[in-house]
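Asks: Turn this into a structure:
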Amino acid sequence: MKSKWKSVKLGDYIFEINRRNRAGENIEVFSVTNTEGFTKSTDYFSKEVFSKETTNYKIVHRGEFAYNPSRINVGSIDYLDDIERVMISPMYIVFGTKKELDNKYLKAFLKSPYGLMQVKKRTTGSVRDTLKYSNLETIEISLPPIDDQARIATVLSGLQALIEKRFESIRLIDELLKNIFIYMFGDPANNPNNFPIKTLKEFYINSNEGTKCGPFGSALKKNEYVKFGVPVWTMDNILSNGRFLNDALLWIDKGKYQKLKGYSVVNNDVIVSRAGTVGKMCIINSNYERSIINTNLIRVRFGNELLPIYFVTLMTYFKERLIRLKKGSDNALTHMNTRVLDELIFPYPPIPLQKQFAQVAAKIERTRSRCEESLEQFEKLYIALSQRAFRGELALAGVPIVDKTIFPAGSGQGFDELSEIDVKTRHFPASELEQLIQSMGPIFYFQDLWDKIQDFCEEAPDYNKVKERLFSMLEEGNPLRFKSRECK
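Replies: The predicted model follows:
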């Protein structure tokens, strides 16, 4: 990556630290994750996973970095910021930085797409890729003046904080669906509403089409796949939260599809994994006219008396409560075939109640989709801004230098989501936008700004153009501060 600043070897500005707990002090044990950075091991693993003997553990002081050599390639690196010292496993690598290198800047660089690419190019290992400290030292990094390093970290950490909030919003939306299910139907293990207990085969569309295993390997060989055509769904199309991923990885031509038409699926069919993560399932919701399942899936097709969304939600979040399924030590299902599905028993609520749940689930899904769209746009913006930042292409003079990020995670500050608003297009001069921003005060909600813009203009400007102008102003150094509302 070409930059207007000099490129240096990271090893010239960092130094390894190997401070051990030889005195056997009682210091809290932490881990370093790619999402939360330094975090208490007992909080992250929900139990004590570290050794009782900690004299060989490493001690990290405030301002020092630590990373997991086997997981830094996914961003598991952080520096200690809010605590004086912690203890970590001996497997971690600890290092400090010289005064010419800003910690926030280095962290932003190593967790950026370009930084992660440099990390991955230097990992070694036959079983697990690891980054030795000696290889970390060879990473090249652009080194702007220390004040500009702080400004770049301020800009990127603001976007990163919002990305993290979007992930958390999506997690809470998934949790909401589970809680609503319990509210409407009760815990399946207790069946407090005394719903009748039914077997799944009672609700198939008919005895012949109710279930269908994917084609055997001999019916669909690897050399028969093509680059594009009719999609073949696999286990990878079933997400862990019971949602369908409408991105095909395998394809067959129309001629092969005609021969395998018996394995086709249509929207509202349920597909179930019988290999890998056994029992994982989702509802087909595809924009492809025709498609089939591969050998590791089972297709289930219901009649009108059981809604797929009820069954899939039940199995996604509560399958451990269905006592007739065989499970291994890790609580995963060990066996799945059409006979197991046929004999599956579960509480059966009345269809009007199922329909009410389906309506609520559809609203939740729309909210989730908006949050995912917002997340995708912010991730793209982060990639673009980080590339420009590390090349020295951002105007940084107006960005404040602060000890803490101006958008700390959980503070509620950051860019508001890109909501879906249909507006007419009109040129909106930067001077008008700046005047309105100045009238809003130092901190404001983006929606309040948008409402004011609409009141100010006889004909509303294009929403996306206004959004682009705001991001442009950030790049030019305007220290904008917005408050973020949850996805609506």
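
Asks: And the pLDDT for the closest residue to Tyr288 other than its chain neighbours?
Replies: Spatial nearest neighbour of Tyr288, excluding adjacent residues (CB to CB, 6 or more residues apart in numbering): Pro231 at 5.4 Å. Backbone N, C-alpha and C define where each C-beta goes, glycine included. As predicted, Pro231 sits at a pLDDT of 95.

Asks: One more: Lys404?
Replies: With respect to pLDDT, Lys404 scores 41.

Asks: do the same with Ser386
Replies: Ser386 is given a pLDDT of 87.

Asks: what residue ranges in the protein score low on pLDDT?
Replies: Along the chain, the parts satisfying pLDDT under 70 run over 1-3, 43-51, 126, 321-335, 395-488.

Asks: what residue lies at the spatial centre of it?
Replies: Phe167 (5.4 Å; CA atoms, centre = their mean).

Asks: Need phi/psi at the nearest residue to that residue once chain neighbours are set aside.
Replies: Excluding its sequence neighbours, the residue lying closest to Phe167 (CB to CB, 6+ apart) is Leu375, at 7.0 Å. Dihedral pair for Leu375: phi -60, psi -40, per degrees, to the nearest 10.

Asks: tell me the contacts of Leu375?
Replies: Leu375 makes contacts with 163, 166-167, 170, as judged by CB atoms under 8 Å, 6 or more residues apart in numbering.

Asks: circling back: can you name the helix or strand that the residue nearest to Tyr288 falls in?
Replies: strand 230-233 (DSSP states H and E).

Asks: re the thing from before, which positions in the helix or strand hosting the residue nearest to the centre of the chain come out as buried?
Replies: Phe167 belongs to helix 146-185 when assigned by DSSP H and E. Burial within helix 146-185, assessed by neighbour count using 16 or more other CB atoms under 10 Å, is assigned to 148-166, 169-170, 173-174, 177, 181, 185.

Asks: Now do the contacts for the closest residue in space to Lys120 that isn't next to it in sequence.
Replies: Excluding its sequence neighbours, the residue lying closest to Lys120 (CB to CB, 6+ apart) is Asn73, at 5.1 Å. Contact analysis of Asn73 by CB under 8 Å, 6+ apart lists 116, 119-120, 123, 129, 131.

Asks: let's see it at 6 Å
Replies: Asn73 makes contacts with 119-120, 123, 129, as judged by CB atoms under 6 Å, 6 or more residues apart in numbering.

Asks: how much space is there between it and Ser240?
Replies: Using CB to CB, to the nearest Å, we find Asn73 at a distance of 22 Å from Ser240.

Asks: Please apply the same query to Ile252.
Replies: Ile252 is 27 Å from Ser240, where distance means CB to CB.

Asks: do the same with Val29
Replies: Per CB to CB, Val29 is found 29 Å from Ser240.

Asks: quick one on the thing from earlier: of Ile252 and Ser240, who's got more company?
Replies: Neighbour tally, Ile252 and Ser240, criterion other CB atoms under 10 Å: the higher count belongs to Ile252, 21 against 10.

Asks: Skipping adjacent residues, who's closest to the more buried one in space?
Replies: Using CB to CB, 6+ apart and skipping residues adjacent in sequence, the residue nearest Ile252 is Val230, 5.2 Å away.

Asks: how about the helices in the stretch 51-200 of the chain?
Replies: 103-111, 113-121, 133-136, 146-185 (DSSP state H, counting those that start in this stretch).

Asks: then the second one to CSV, C-alphas only?
Replies: Listed in CSV are the C-alpha atoms of helix 113-121, where the atom choice follows Å, rounded to 0.1, in the frame of the first residue of the first chain:
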residue,chain,number,x,y,z
PRO,A,113,-8.2,-5.4,6.4
TYR,A,114,-4.7,-4.4,5.2
GLY,A,115,-3.1,-5.1,8.6
LEU,A,116,-4.8,-8.5,8.8
MET,A,117,-3.6,-9.3,5.3
GLN,A,118,0.0,-8.6,6.4
VAL,A,119,-0.5,-10.8,9.4
LYS,A,120,-1.8,-13.7,7.4
LYS,A,121,1.1,-13.5,5.0
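
Asks: Which neighbouring elements make contact with that helix?
Replies: Applying 3 or more CB pairs under 6 Å, 6 or more residues apart in numbering; DSSP states H and E, one finds that helix 113-121 contacts no other helix or strand.
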